[in-house]
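*Asks:* quick one: sequence plus predicted model below, questions after.
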Amino acid sequence: MAETVQIKGEAFKKRSPIGVLGLCVITLGIYFFYWYFQMNDELRRYESDSSISPTRSLMAMLFGWIIIVPPFIALFNTAKHISEVEARESIQPVMEPVLVIVFQLLVSIVNPPYIQSHMNKIFDRGSGHRTQPPPALPPMPA
């Protein structure tokens, strides 16, 4: 289930990383393309950056496999935009674009939850929600 948050008067969806993974698996990868377009569109709107083109990114993913390189460039650029936002807003840990490419080469199913978890951190910061650290464990009895 996705939670909608308002940032700068616009609605953004915080999706469950496990939910994104599950829908990608259940739909045999079709949901990935919908999610990838939506995530790039949300990133474009969040950044107010017209140079981020969800359509171009989606086309690189869909048809770029013919010449192999475009999907990797699209993923790298998306991850780079996310890491720049995280660095600017002091969100730690910052996404590593190179790690996204390694995931794509080795275990591509890991990418959607990894990317979505970082997008959720950005939306939390943008909406003013602070994620609470996990409660401390009680001290061990001596």
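*Replies:* Arrived safely, thanks for sending. Computed from a predicted structure; not experimentally measured.

*Asks:* ranges for the strands of this protein?
*Replies:* Assigned by DSSP state E, the chain shows strands spanning 3-7, 10-14.

*Asks:* can you name every helix or strand that the last one contacts?
*Replies:* Read it as strand 10-14. strand 3-7, helix 30-47, helix 111-127 (3 or more Cβ pairs under 8 Å, 6 or more residues apart in numbering; DSSP states H and E). (C-beta placed from N, C-alpha, C; glycine too.)

*Asks:* okay, buried residues for the longest helix belonging to the chain please.
*Replies:* If you go by DSSP state H, the chain has its longest helix at helix 69-88. Using 16 or more other Cβ atoms under 10 Å as the test for burial, helix 69-88 gives 70-72, 74-75, 77-79, 81-83, 85-86.

*Asks:* same question for stretch 11-19.
*Replies:* Buried residues in stretch 11-19 (16+ other Cβ under 10 Å): 12, 13, 14, 15, 16, 17, 19.
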